[in-house]
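Colleague: A structural model of the following input is requested.
(one chain, ligands or ions: 1)
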Amino acid sequence: MGYDFERGRLDLSAHPFTTSFHPTDVRVTTRVHEHELQSCLFSCIHEGGHGLYDQGLDQQHFGTPLGDSVSLGIHESQSRLWENCVGRSRPFWRFFYPVLQQTFHDQLRGVDVEQFYAAINRVKPSLIRVEADELTYNLHIMLRFEIEQDLIEGKTQPEDLPAIWNRKMEEYLGIVPSTDAEGVLQDVHWSFGSFGYFPTYTLGNLYSVQFFEQAKLEIPQLEDAIAAGQLMGLRRWLEQKIHRWGRMFTPTHLAERVTGSTINPEPFLKYVERKYGELYQL
Ligand SMILES: [Zn+2]
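Modeller: Here you go, the predicted model:
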């Protein structure tokens, strides 16, 4: 991906995150579940995407708005682009799967690349947002956004949240948590007053596909390059088009400059229909 370890490092933490002190010191963390490969693998790619944004900011503008990332939604688009559009794609694994197989020889010996691709893109309603697949993820956000709007408008009282949460989970995902730890208490955001934060994740999902589709138009044979393990073309494109500009443009204006359109759900909808239509033969 081009994450520069001379200007950053990777450590362990309970919850993966990225923290940046300067474009020359951008640190990422991950967690390791010894019997589950995906969590560590995709959180590294995800945080790596955040890290590339912060490493790609223009150093000469450090400490000013021009040296800062433009919004949480755009930040999340960078992590999700690498995690999903690249890291959960066939071209990426065409190159990297043999490497992974060598590393986890005993575990992956009998699994071919198509089986692996299907496994990392399995769609299944789940209780925990951060572990949700690309399709159900946005339903977790919708549920939270509706609840926080009702809280702010006084239509809902905090003591009613567990019941409302469970009802909406049943309605949108068809499953109900057995404890509030797996339900309304699973995220840290509301407890420290971050209301209105959750939608940035879905904005990031929409932007990520919109940017990636544009990159495919502008970088010749991008998917062939990815299938050959060459990721630097994409990394440079993102740096030139997005990272280096800091807060020069609003997110809306930036999306328009890069893709010719303000935020638009169509590319995301087409992408998931194509990808999951093929995977699930719909
Ligand atoms: Zn993120």
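Colleague: which residues touch residue 119?
Modeller: residue 111 (C-beta atoms under 8 Å, 6 or more residues apart in numbering). C-beta: built from backbone N, CA, C; applies to glycine.
Colleague: What helix or strand is it located in?
Modeller: Here residue 119 sits within helix 113-120, counting by DSSP states H and E.
Colleague: gap between that helix and the chain center?
Modeller: 19 Å (C-alpha atoms, centre = their mean, to the nearest Å).
Colleague: Please write out the alpha-carbon positions of that helix in CSV.
Modeller: Only the C-alpha atoms of helix 113-120 are listed here, as CSV (Å, rounded to 0.1, in the frame of the first residue of the first chain):
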residue,chain,number,x,y,z
VAL,A,113,-8.5,-18.4,-3.9
GLU,A,114,-12.1,-18.5,-4.9
GLN,A,115,-13.2,-20.1,-1.7
PHE,A,116,-11.1,-17.5,0.2
TYR,A,117,-12.7,-14.6,-1.8
ALA,A,118,-16.2,-15.9,-1.0
ALA,A,119,-15.4,-16.3,2.7
ILE,A,120,-14.0,-12.8,3.1
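Colleague: Settle this for me: residue 243 is touching residue 57, isn't it.
Modeller: Yes. Counting by C-beta atoms under 8 Å, residue 243 does reach residue 57; the two are 6.0 Å apart.
Colleague: So for stretch 121-136, what gets flagged as buried?
Modeller: Under the neighbour-count criterion of 16 or more other C-beta atoms under 10 Å, stretch 121-136 has 121, 126-127, 129, 132-134, 136 buried.
Colleague: quick one: the helices in the stretch 101-250 of the chain?
Modeller: For the stretch 101-250 of the chain, the helices defined by DSSP state H, counting those that start in this stretch cover 105-108, 113-120, 137-152, 161-173, 199-218, 222-227, 232-241.
Colleague: average pLDDT for stretch 158-177?
Modeller: The average pLDDT within stretch 158-177 is 97.
Colleague: residues in contact with residue 29?
Modeller: 10-13, 15-18, 47.
Colleague: Of those, which is the most crowded?
Modeller: residue 47 (25 neighbours; other C-beta atoms under 10 Å).
Colleague: dump the residue contacts of that one.
Modeller: Residue 47 touches 16-18, 28-30, 79, counting by C-beta under 8 Å, 6+ apart.
Colleague: which SS class is it?
Modeller: helix (DSSP: H, G, I helix; E, B strand; the rest coil).
Colleague: What separation is there between the nearest residue in space to it that is not next to it in sequence and residue 186?
Modeller: Ranked by C-beta to C-beta, 6 or more residues apart in numbering and with sequence neighbours excluded, the top spatial neighbour of residue 47 is residue 28, at 3.9 Å. Between residue 28 and residue 186 the distance is 22 Å, computed by C-beta to C-beta, to the nearest Å.
Colleague: Who has more neighbours out of these two?
Modeller: When neighbours are counted by other C-beta under 10 Å, residue 28 comes out ahead of the other of residue 28 and residue 186, with 25 against 16.
Colleague: Tell me what that one is bridged to.
Modeller: When bridges are called by DSSP bridges, residue 28 pairs up with residue 10, residue 18.
Colleague: Next, the buried residues of stretch 204-222.
Modeller: Neighbour count says stretch 204-222 has 204-215, 222 buried, by 16+ other C-beta under 10 Å.
Colleague: could these be laid out in TSV, adding pLDDT and distance to residue 153?
Modeller: TSV is the format used below for the buried residues of stretch 204-222 (pLDDT from 0 to 100; distance: C-beta to C-beta, whole Å):
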residue	pLDDT	distance to residue 153
204	98	25
205	98	26
206	98	25
207	98	27
208	98	30
209	98	31
210	98	30
211	98	33
212	98	36
213	98	36
214	98	37
215	98	39
222	98	44
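Colleague: Let me see the contact set for residue 73.
Modeller: If you count contacts by C-beta under 8 Å, 6+ apart, then residue 73 has 199-200, 203-204, 207, 251 around it.
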